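1. Next comes the sequence, and after it the predicted model I'd like to discuss.
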Amino acid sequence: MTFVSPELLALFSLIILTSVILFVRIPVALLLGIVGFCGYALLDGIDNAINMAGSELWGTFSGYGLTVVPLFILMGQVCYHSGLSERLYTAVYALNGHRRGGIATATLLTCGAFAAICGSNIATAATMSAVALPQMHKYGYHPVLATGAVAAGTTLGVIIPPSVVAIVVGVQTASSIQRLFLGGIIPGILLLTGFVITVSFLAKRHLDWAPCGERSNWKARLYLSSGLLEAGTLFLLILWGMTKGIFTPTEAGAAGSALAILFGLMRGKLHYQGICKALRESLAISAMIFMLMAGAAMFGKFLTLTRLPFTLADSIAAQDISPLLILLLTGIIFWVGGMIMDALALLVITIPIFFPLAEKLGWDPLWFSVLLIIITSIGAITPPVGASTFVVSSMSTYGYGKIIPVAQVFRGASYFLPSFLLCIILLVLFPSLITWLPTTLMGE
């Protein structure tokens, strides 16, 4: 038993959680589990806390819902180790690299396409930095524009399906993963369009930042277009199979992984060592996500016991506050949270708190989930953490022969922030931009 109210204990635990994440190097999954277990034990006794922990750990590791995660991660890793990302970039560059700013545009388009088959912004950042930065350096691109374009393009990895973050949010909120995938397509296209327009604007304003590349003839373009064909086949296979009911999300991940392996073997680009690396890396990433989900489940059980999410939702809904203002404040919280921690960790911590509020206010769960994923992804390119910018900075030595300072990468990425703002405004004004495609293809 505690000497404070359950709600106050929950608020205190959130303060501890945030402080330790910021200042102490402890895995978020372990921290969530410890705080959730201790809080539950204080409220309901140590025996019940042990039973809760065992139940949540077993439920997480034995549940069918998360089986989709390692399969989509494996598909992305196979695409990386089989060189599909390089073939994809070469194809897009052949089509558009001769225009002013065309190489940066090709990089963004490739990031969008690779995100659609990879699902991770960190993996996209590492891959595209190694592939695109040498080319942009070769043709005299300013490092601010080059690194900024790569960093901004990597954020598409959590928005354009298949997104691992969307899978985890779907599992956590018991939402349809298929609908979340489809809901991210139009926002992803809007963001990608905004990024391309930004590059065009910068290329015209700073003529020395983005010289023209070499023009490829049509014979070469057709020959190099196989990368686009492979990526397009993977993307369409996954979405077509799920929307037609042929695949469950897990089966879609398995089919995509098998096809990616087949493409790599047919081209002779995927060997035994590459398959082993893909499996090892997929296992490590999946284990991290599974542990994060288990810790989040224990912390969520503690929050449910305190009834803080429901009390907060009832209190805010009872106030005479505009829903738009509530949405604005929620967006600011997730934006700031995305600056200081990984998007996936932030969402698994905060979704149990804010999702009841969204339900209380009558917001569409699909619209709200996709909107939060987009807002949180901004943190990947925003100081002080900005995970993608640090990856791009550390990888810049491959292209520019030296490490481009993180401050310069942040500066380059900042030019793409207005595209995020405009996209979010459009999604708030026109929620159908998220809900129309899932409703059209899958019905209510």
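-> Received the coordinates, thanks. Numbering: from 1, shown residues only.
2. CA only for contacts and neighbour counts going forward, please
-> Noted.
3. any idea how far the closest residue to Ile26 other than its chain neighbours lies from Gly386?
-> The shortest distance from Ile26 to any non-neighbouring residue, by CA to CA, 6 or more residues apart in numbering, is to Val20 (7.6 Å). Per CA to CA, to the nearest Å, Val20 is found 18 Å from Gly386.
4. Among these two, which residue is more densely surrounded?
-> Gly386 (24 against 15; other CA atoms under 10 Å).
5. just checking, the more buried one touches Thr376?
-> No - the pair Gly386 / Thr376 is not scored as a contact, 10.9 Å apart, by CA atoms under 8 Å.
6. So Gly245: helix, strand or coil?
-> coil (DSSP: H, G, I helix; E, B strand; the rest coil).
7. For it, grab phi and psi.
-> phi 80, psi 10 (degrees, to the nearest 10).
8. What number of neighbouring residues does it come out with?
-> That count, for Gly245 with other CA under 10 Å as the rule, works out to 12.
9. what do you get for Tyr415?
-> Using other CA under 10 Å: Tyr415 sits among 18 other residues.
10. ok, it touching Ile197?
-> No - look at Tyr415 against Ile197 with CA under 8 Å: they stay out of range, at 10.9 Å.
11. Give me the most central residue, the protein.
-> Val158 (2.1 Å; CA atoms, centre = their mean).
12. pretty sure that residue contacts Val165?
-> Yes - counting by CA under 8 Å, Val165 is a contact partner of Val158 at 5.9 Å.
13. and the longest helix anywhere in the chain, how far out from the chain's middle?
-> Using DSSP state H to define each element, the chain has its longest helix at helix 272-306. Computed by CA atoms, centre = their mean, to the nearest Å, the separation of helix 272-306 from the middle of its chain amounts to 15 Å.
14. Which elements pack onto that helix?
-> helix 6-23, helix 28-44, helix 46-62, helix 68-81, helix 343-360 (3 or more CA pairs under 8 Å, 6 or more residues apart in numbering; DSSP states H and E).
15. now whichever helix or strand comes after the shortest one: mean pLDDT?
-> Pointing back at helix 68-81 there. Following helix 68-81 in sequence order, the next helix or strand is helix 84-96 (DSSP states H and E). Mean per-residue pLDDT for helix 84-96: 77.
16. Off-centre distance for helix 84-96?
-> 22 Å.
17. Would you mind giving the orientation angle of the helix or strand encompassing Met242 with respect to helix 68-81?
-> Met242 is part of helix 226-243, with elements assigned from DSSP H and E. Here the directions of helix 226-243 and helix 68-81 differ by 170 degrees (axes from the mean of the first three to the mean of the last three CA atoms, to 10 degrees).
18. And the next helix or strand past helix 226-243?
-> helix 249-267.
19. Give me the distance from that next one to the chain's centre.
-> That offset, for helix 249-267, works out to 21 Å (CA atoms, centre = their mean).
20. Same question for stretch 373-380.
-> Taking mean C-alpha positions (CA atoms, centre = their mean), stretch 373-380 and its chain are 8 Å apart.
21. do stretch 183-197 as well
-> In terms of CA atoms, centre = their mean, the centre of stretch 183-197 is set 14 Å apart from its chain centre.
22. And for that stretch, what's in contact with it?
-> 105, 108-109, 112, 149, 152-153, 156, 159-161, 366-367, 370, 416, 419-420, 423, 427, 433-438 (CA atoms under 8 Å, 6 or more residues apart in numbering).
23. again, but for stretch 46-61
-> With CA under 8 Å, 6+ apart, stretch 46-61 has contacts from Phe37, Cys38, Tyr40, Ala41, Leu66, Phe290, Met293, Ala294, Ala297, Met298, Lys301.
24. do you know how far the fourth one is from Gly274?
-> Okay, so that is Ala41. Per CA to CA, Ala41 is found 46 Å from Gly274.
25. Tell me how many other residues surround the nearest residue to Ala258 once chain neighbours are set aside.
-> Using CA to CA, 6+ apart and skipping the chain neighbours, the partner closest in space to Ala258 is Met75 (7.8 Å). Neighbourhood size, Met75 [other CA under 10 Å]: 26.
26. surely Met75 meets Ala255?
-> No - contact criterion CA under 8 Å: Met75 and Ala255 do not qualify, at 9.0 Å.
27. show me what contacts Arg25?
-> Taking CA under 8 Å, 6+ apart as the definition, Arg25 has no contacts.
28. Name the SS class of it, please.
-> Secondary structure, three-state DSSP: Arg25 is coil.
29. Just read off the phi/psi values of it.
-> As for Arg25, its main-chain torsions (degrees, to the nearest 10) stand at phi -90, psi 80.
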